[in-house]
Structures are given as C-alpha cells and as structure tokens.
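*Asks:* predicted structure and sequence below. I'll ask about it afterward.
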Amino acid sequence: FESIHAACPPGNTFVFLHSMGSLAGGICFALVWAPESIRRRSSQALVLWVTLFASLLCPLWALLSPDTVPAMLSNGDFSGTAVAMNLIAGLLFLAAMLSFILHYHRTNAMQSYLFACVALLFGLSGLTFRYSSIWSNGWWLWHLLSLIASLLILAYIARKYLNLVSDLKHTIADREQAETDQRESNAALHKAKQAALSMMQDANQQRQRAEVALGQLEQFEDDLRRRAEWGQGLQKSGQELAACHTVDEIQQIAAHAPVQRVDMHIAWVRVPDADGKLQPVAFSGENAQRAFRDSQCGHCVMESGSQILVPDTVSHPPFPDCPNWAHKHGFASCATFPIMGGSECLATLTVRGAEAGPHNPLMQAAPLLQVFVAQVGEVWQRCIVMQDLVVARHEAEAASQAKSDFLANMSHELRTPLNSIIGFSQVLQEGYFGELQPRYKEYVDDIISSGRHLLDLINDILDLSKVEAGKMELILAPVRLGDLLHN
C-alpha cells in the first residue's frame, strides 16, 4: 500500500491508499489479541495470504478504477471516511502496543518492546491524521511518525538480518567444524574399524589355535585313554603270564597279547633252532602264518639284543624288499622286540601294524610292548629255571631212592650174613665143637674182631641215614672214653 501510495500523485487515490495501508497494518497488528487457535501456524498462513491478496487487489482497484474509490478529500481537507479509517487504524495499533507491552513485562523480550514502540508510533500517526491537512505541519508530523516507525522496522529487520548473517556464519563455522570433527571421527572410526578387524582376525586366529589345541587335547585324551586300555590289557596278559607253567603257554600269550590287547595287525614269536635259524612257535592275527618270513630283522635283534622299530615300511624300509612284502600282506609299520632271559636273547616278538607314520598306534604302544616283552623274558627265564629245578628234583629223588635201596640191601643182605659169621665164630671160640689149636683160635679172634668192626661200620651208615631222615634219637649214657679212643 505505502509503496504504491508513494508512487501516486497527490489526490483521492493517494489518500485512499495511505488510509487502506494504515488500516490493514492496524488490523494485522491487532491480531496479537486473537485467541491461540487463530494464531496457530495454519491460521497465520491464512492471514498472510489474505493480507497479501488485499495488498495487491486494493491498489489495482484504486489505480484501474479511481472513480469508484470512496472520497477521501472534501473541500481540500480529509473526508470523514479518511479520518475514520486512520483513526480506527491508530486505535488498532495502540491496542497491539498494549499487548506487546504486556508480553515484554512477562518475557523481557526486546522484540516485544520494539514492536510496542512501532505500534505506538503508527497509532499516534493514525490519531493525528484528523488534525492535519495536506502539506500542513500535522500532515508532516504523522508522516514523520510513520517514517520513524518504518525506520524502526527497517532497523529491526536489519538487526535481524545481521543476527541471521552472524548466526549463519556461526552455523557455517559450526558446520565446517562439524565436518572436520566428522572427518576426524570417520578417521578415528576407520582406525577403530581397522583395529576391530585386526582384533577380529586375532580373535579368529586365537579361536583357530584354540580349536587346534582343543583338537590336540582331544587327540591326546584319546591317545591317553587308548594307552590306558592297552596298559590294562597288557596287565591282564601279564597276570596270565604269571600263572603259566610251561614255555608253550608263555609263547602263546606273548603272540596273542599285541593283537588282542593292543589291536595290532599280526604278531608272532620266533626261537632259534639248533642251526641258529629262527623258527615261529606262536602266531596271532589274520593270515599271520602266510605273512611270516625269516627276515633279517629277527637275526639282527637276536645278535644285538636291541629292538627295531619301523614307523613306515614304505618310506623308511629297513631292507629293500620290505615295501613289496608290506603291500602284499597289508601292513605299514612293524617292530621286533628281543625276549631277554638275563643277558641272553631267548626269542623275538615281531608285531606289525596297519597304519604308518611316526605317531601310529604301533609306535605309541612300543614302550608298553617293550615292558610287556621284558616281563615275558622274566617269566620265560623263570620257567626255564623251574624246569631245570624239576629235572634236578627228579634226579635227586632218583639218587635218594637209590640210596634207600642201597641201605635197605645193606641192612638185610650184609648184616644178616655178617651176624651169622660173627655168631659161628663165637661158637668156635667158645669150643663148643672142641678145643682149637692156638693158631686157629687166633684166626677166629681176628674174624670176630673184623666182623664186629664191619657191623659197627654198617650200623654207623644206617645211623647217618636216620639222621638225614630226622629219625635219629639222642640217648645219653655213660661210656668208656678209653675204649672210644682205642677203637
């Protein structure tokens, strides 16, 4: 309104546009007293559009059809319509001023104070309109008041603009700082992500190592459990060995224990014959007799008294023909143990396994089998000693029987005729058949003395046999010491 009013030449339209602008401004300012429901954002938009529409429509109406515009001038002065419109506008501005002052007292907001001042100036301008005429001092007064109010509005707008520019600069600076912080945060996040990835990789590696360790632990537990089962099985075989009485029984247990107790493929026991060739005496395992051969390992073990362990008969064969023989009979590892009787190698125990490698079951069971073989050698040697003792006992019993027969014959076959000789010699000595010549009597005395001596000797031998048998009784009696010394 005011812009078009300023561009129009003085006249009716000129005053009408000013009055309509003042009235429209007063109405807009007075809306601060409107209820909250009207002052909502949607209602404010509606008022704004209505005001904008009226600001365009009224000037167009006044410019296009000036004859239809109400009369604003009468005899060189303002008409009652013009005065009424400006008076109403002034009162509306003053009412808005009161609302702004109350709001300023409640909130202490400087913009409410500024709007109160603007409303006061516009209100005074409207009230002084009736006391002025064109180009009079009153006319300039209310124009001055309107100018001051406009300048205040422009100052407020400029201040708001500067504040907005400052806020915008601060916002841009804050945004740049935020972008810098964001870049730093992204860099830190990237580093943290890299560190997290590294930690995840380390965690995965540790998990893999833990899984490997767990697998190794489980394998170790399985090996330990299996070795414990092997040890218990060989212990039972050792108990069976302790109850053996013959070498044949020992050989059978020694051959069957590796297969039945330790789950080996095949096993056999060999002993040297008179020509020094090793002969199998006990087998165990499927097709053990077909897989047997007089290998060089057995002779090496017999000569050295040391065991031979072959973890892989294909990769590390002890002899050139071992791989073909192992493939033919389905074994991959073997071991030969000496069965020692003291310092002498009595026999060999050969064991063959189905798996190859440094940690195959045969290599794991080798220490247990070595202890078992040592026990076999001790029992074997003890059995041989026992057999020798049995033979010696039989020989001693035969000698004792021969002595008993001899003593029995001595008691009957010697003492009876000797007593007869002594008895008849005493008859001759006593002269029952006549007196003997001195020379014959001397002979008879010699016969009696020799017979009695021989009888005492036989009695002493019989007494010794009684002493050996524990049947000799000690009889205490006086004796002539001289006769003992002269005997």
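*Replies:* That came through, no problem.

*Asks:* how many neighbours does the closest residue to Ile27 other than its chain neighbours have?
*Replies:* Distances taken as C-beta to C-beta, 6 or more residues apart in numbering put Leu92 closest to Ile27, at 6.1 Å, once the chain neighbours are dropped. In this view, the C-beta of every residue, glycine as well, is placed from N, C-alpha and C. Residues contacting Leu92 under the criterion other C-beta atoms under 10 Å number 25.

*Asks:* okay, Ser343 and Gly377: tell me how far apart.
*Replies:* Ser343 sits 11 Å away from Gly377, taking C-beta to C-beta, to the nearest Å as the criterion.

*Asks:* quick one, which of the two is more surrounded?
*Replies:* Between Ser343 and Gly377, counting by other C-beta under 10 Å, Gly377 is the more crowded of the two (23 against 6).

*Asks:* after the helix or strand hosting the more buried one comes which helix or strand?
*Replies:* According to DSSP states H and E, Gly377 maps onto helix 361-409. As assigned by DSSP H and E, the chain's next helix or strand after helix 361-409 is helix 415-430.

*Asks:* against which helices or strands is the host helix or strand of Ala95 packed?
*Replies:* Under the criterion of DSSP H and E, Ala95 resides in helix 80-107. Under the contact criterion of 3 or more C-beta pairs under 8 Å, 6 or more residues apart in numbering; DSSP states H and E, helix 80-107 touches helix 12-30, helix 110-127.

*Asks:* so which of these is the most surrounded?
*Replies:* helix 12-30 (a mean of 22; mean count of other C-beta atoms under 10 Å).

*Asks:* I'd like the average pLDDT over that one.
*Replies:* Averaged across helix 12-30, the pLDDT comes to 74.

*Asks:* from the chain's centroid, how far away is it?
*Replies:* Put simply, helix 12-30 sits 89 Å off its chain's centre (C-alpha atoms, centre = their mean, to the nearest Å).

*Asks:* what residues of the helix holding Ala95 count as buried?
*Replies:* Counting neighbours by 16 or more other C-beta atoms under 10 Å, one finds that the buried residues in helix 80-107 are 81-83, 85-90, 92-97, 99-101, 103-104.

*Asks:* tell me where the protein has helices.
*Replies:* Along the chain, counting by DSSP state H, helices occupy 2-7, 12-30, 41-64, 80-107, 110-127, 137-242, 247-262, 288-291, 296-304, 322-329, 361-409, 415-430, 438-469, 481-486.

*Asks:* lowest-confidence stretch among the ones you listed?
*Replies:* Lowest mean pLDDT within the helices of the chain: helix 2-7, a mean of 54.

*Asks:* find the residue at the geometric middle of this protein.
*Replies:* Nearest to the mean C-alpha position of the chain, by C-alpha atoms, centre = their mean, lies Ala210 at 4.6 Å.

*Asks:* report the beta-bridge partners for Val271.
*Replies:* With DSSP bridges applied, Val271 shows beta-bridge pairing to Gln279.

*Asks:* number of nearby residues for it?
*Replies:* 18.

*Asks:* dump the residue contacts of it.
*Replies:* Residues in contact with Val271 (C-beta atoms under 8 Å, 6 or more residues apart in numbering) are Gln251, Leu278, Gln279, Val281, Leu346, Ala347.

*Asks:* nice, that's everything, thank you.
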